[in-house]
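Undergrad: Got a predicted structure here, sequence first:
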There are 2 protein chains.
Amino acid sequence: MAAERALAMATCTAPVNIAVIKYWGKRDTDLILPINSSLSVTLHQDQLKTTTTAAASRDFTEDRLWLNGAEADVGHPRVQACLREVRRLARKRRGGSGDSAARSLLSYKVHVASENNFPTAAGLASSAAGYACLVSALARLYGVEEELSEVARRGSGSACRSMWGGFVQWQRGERPDGTDSLAHQVAPEPHWPELRVLVLVVSGEKKPVASTAGMQTSVETSPLLKHRAEVVVPERLAQMIQHIQERDFEGFGQLAMRDSNQFHATCLDTFPPIFYLNDLSRHIIALAHRYNAHHGHTKVAYTFDAGPNAVIFALADTVDEFVEVVRRSFPPATNGDQFVRGLPVGSATLPQELVAAVVTEPVPGAVQYILHTKPGPGPQLVDDPSQHLLGADGLPRRRT
Amino acid sequence: MAAERALAMATCTAPVNIAVIKYWGKRDTDLILPINSSLSVTLHQDQLKTTTTAAASRDFTEDRLWLNGAEADVGHPRVQACLREVRRLARKRRGGSGDSAARSLLSYKVHVASENNFPTAAGLASSAAGYACLVSALARLYGVEEELSEVARRGSGSACRSMWGGFVQWQRGERPDGTDSLAHQVAPEPHWPELRVLVLVVSGEKKPVASTAGMQTSVETSPLLKHRAEVVVPERLAQMIQHIQERDFEGFGQLAMRDSNQFHATCLDTFPPIFYLNDLSRHIIALAHRYNAHHGHTKVAYTFDAGPNAVIFALADTVDEFVEVVRRSFPPATNGDQFVRGLPVGSATLPQELVAAVVTEPVPGAVQYILHTKPGPGPQLVDDPSQHLLGADGLPRRRT
């Protein structure tokens, strides 16, 4: 890839994913091998994406990394693992082919710049998109075309699921070396065109326990997590794949809610206990159940990760009404016109009996904004050189 | 028992108990047979008790019941079950002995009055003490001396544990008719004289889901509850008995906290999920863990039931300091001098490094008051006739 030039550069984008069968707990913390398989929905990059440019040059004197414009520690073991593994694949690919230009490129130092199109502070899982994007950009730089989910997994477990679009399973795998712990696509994003995603970004509470540390405490102390991983998840995974294949929202939504709750139950069974749900999460959960009960079936389904934001799944024909329900339940403080972001949302008039049954305890200002999105594709190559995050001098060229 | 008199009367008191291995879920909802054994500490009646007077008279025209001075529904199925079962035991005892006075007494209508020495609104488990007391008073009235935990269980599952003092196990039993689902004493209250109990009564939030309905939803929907009942609790019960026998507070406290957390985890794994812990519970839990971490071992142990109050176990030499920690963490709003009730608590000066490490996020007014108590005896007969809650006319004679 243009290794004869003084500067080789590649830029990719990668998506965020939201698990509906949750990953929590590693059986190998170095290789990042999970105790159970998981399944996620890849979100559309029009709303949430990471962009990463990787460059190599004989003029670079050291590896360097910039995250959202600020220089960061390129020596982080997980960044180094990704770099090492992509380079290893590149060498393997070249073999003894004697391509000296490619070999030179591999010997050069790299500069990497990465940016999110959403505020990091919003607590949206950015490490999955970040590592998926890093691995994608490095692979492009070195001309690697192999399966890369195994490499992305070394950066952040859930990053391997961001290597595919649509509906993605991360298989636990059996081998101690992790070569069968891979992500693959269950269905591409056009499979279920009516599916929508609403991210309820709540007013910022700091994540109390980092997920990496938290999940290992859970593995060590929670008898319920062990049972979940060994017995419950295998059954649920097969069910969830079937619900997706059949585009059965009732089954999909119910199971997504149950699995989110069970993940948080194992956090509570951890010692000392870990709490990611707070009183506002309880409000949102109760609201979803009241809304579904009012309609007599599952119209919306919540899922919560290791943070306070809620992610709501719904079909397209439910979005306008439910967004209005959220607006009435968590009246925006000041930014009324920016309360809904992302895909367009139409206005809705709520029937009086729905308001009476569902909007029972408004909490003004608790939800900062709603991001409306949908399933989307996996990592993308950015062809337009003007979109590179690094300039011809190999340094970040703008701050978005 | 004085059946020849126009009015026979008996008064008993009974204690509250706090489970350290939790009961949640019935395998038979009519007989109230649990899916797992449980273990509790009986609290001292000087601080928390129910007093019940049962009277029978040929002049009574109907069964009547007063709770805390207000007439209540005597036809409640669980009240009727207790009444029926005590009468059945009484008949069995008399057999064909031809004691016509006793037979007459059994044919009379009853009046029952019951009162708590603590505010019902405080959300302290009063049904256990209430049914234990009802059964004790009725048994006295009819001269029944048999094992009564099986009868109390028919009123409220956990009431069977209030039939004994000290440390009490409710054995799950195996028989479908429930005759082996009984409470028995693991150790009497003088066994562990240093053990103390602090009830943190929090500002009143209504119990969102009644425990009777909640636990059956859990049985029907939570895969984790099933595993807990079948696999986890049998191991924990044996461990807890050993900790109590050895007066091992480290083991006792750790396991009590883990079991409380696991009970609430199964509530969260229920669908729709049940939440009894709120943000204040999380504060109290985090405070206890910080306090123990500061001291390097388990000095206090929390447990939460199906309500927002926290119960803290500690040894006597920890009480003064920890109460001051609670006072600093939840500064009383107005009733500063009534903040600590029950057994005396000495003053304590907190070392500055303890305050810095433990009192990190004060929440003024969140804890209404602390009740200081200790393990106590089982139901007691009240000999003094002036203490009867019913007058010579068979009606409530005062409202305390």
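TA: That came through, no problem.
Undergrad: Can you mark which positions in stretch A:353-366 are buried?
TA: Across stretch A:353-366, burial judged by 16 or more other CB atoms under 10 Å in any protein chain shown covers A:354, A:358, A:359, A:366. (Each C-beta comes from the backbone N, C-alpha and C, glycine too.)
Undergrad: lowest confidence element among the helices and strands of chain A?
TA: helix A:100-107 (a mean of 83; mean pLDDT, DSSP states H and E).
Undergrad: For that helix, list every residue counted as buried.
TA: Neighbour counts over helix A:100-107 (16+ other CB under 10 Å) mark A:102, A:105, A:106 as buried.
Undergrad: Please report how far the second one lies from chain B.
TA: The reference is to residue A:105. Applying CB to the nearest CB, to the nearest Å, the value for residue A:105 to chain B is 51 Å.
Undergrad: Over to the first one?
TA: For residue A:102, the distance to chain B equals 52 Å [CB to the nearest CB].
Undergrad: just the last one next, same as before
TA: From residue A:106 across to chain B, the span is 48 Å (CB to the nearest CB).
Undergrad: now residue A:318
TA: According to CB to the nearest CB, residue A:318 stands 19 Å off from chain B.
Undergrad: Can you tell me the number of residues neighbouring that residue?
TA: Neighbour count for residue A:318, taken as other CB atoms under 10 Å in any protein chain shown: 21.
Undergrad: so it touches residue A:299, yeah?
TA: Yes - the criterion here is CB atoms under 8 Å, and residue A:318 meets it with residue A:299 at 4.9 Å.
Undergrad: For the stretch 1-150 of chain A, which segments are assigned as strands?
TA: Counting by DSSP state E, counting those that start in this stretch, one finds strands in the stretch 1-150 of chain A at the ranges A:7-15, A:17-21, A:26-28, A:33-34, A:38-42, A:49-57, A:64-67, A:70-72, A:109-116.
Undergrad: can those strands go into CSV with extra columns for mean neighbour count?
TA: Shown next, in CSV, are the strands of the stretch 1-150 of chain A (neighbours: other CB atoms under 10 Å in any protein chain shown):
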stretch, mean neighbour count
strand A:7-15, 24
strand A:17-21, 27
strand A:26-28, 16
strand A:33-34, 22
strand A:38-42, 28
strand A:49-57, 26
strand A:64-67, 20
strand A:70-72, 12
strand A:109-116, 23
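Undergrad: which stretch among those strands comes nearest chain B?
TA: Closest to chain B of these is strand A:17-21 (CB to the nearest CB; 13.6 Å).
Undergrad: Off-centre distance for stretch A:28-35?
TA: Relative to its chain's centre, stretch A:28-35 lies at 18 Å (CA atoms, centre = their mean, to the nearest Å).
Undergrad: what does that stretch contact?
TA: If you take CB atoms under 8 Å, 6 or more residues apart in numbering or on different chains as the criterion, stretch A:28-35 is touched by A:23-27, A:153-154, A:156-157, A:170, A:172-173, A:176-178, A:181, A:216, A:219, A:225-226, A:229.
Undergrad: Over to stretch A:213-221?
TA: For stretch A:213-221, contacts defined as CB under 8 Å, 6+ apart pick out A:24-27, A:29, A:35, A:209, A:225-226, A:266-267, A:269-272, A:274, A:306, B:258.
Undergrad: Okay, buried residues for that stretch please.
TA: For stretch A:213-221, a neighbour-count test (16+ other CB under 10 Å) marks A:214, A:215, A:217, A:218, A:219 as buried.
Undergrad: Sketch out the low-pLDDT regions of the stretch 51-200 of chain A for me.
TA: A:96-98, A:120-123, A:125 (pLDDT under 70).
Undergrad: Residue numbers of it in contact with chain B?
TA: By CB under 8 Å from any CB of the partner chain, no part of the stretch 51-200 of chain A sits against chain B.
Undergrad: In the stretch 51-200 of chain A, mark out all the helices, start to finish.
TA: Ranges of helices in the stretch 51-200 of chain A, per DSSP state H, counting those that start in this stretch, are A:77-94, A:100-107, A:127-142, A:149-155.
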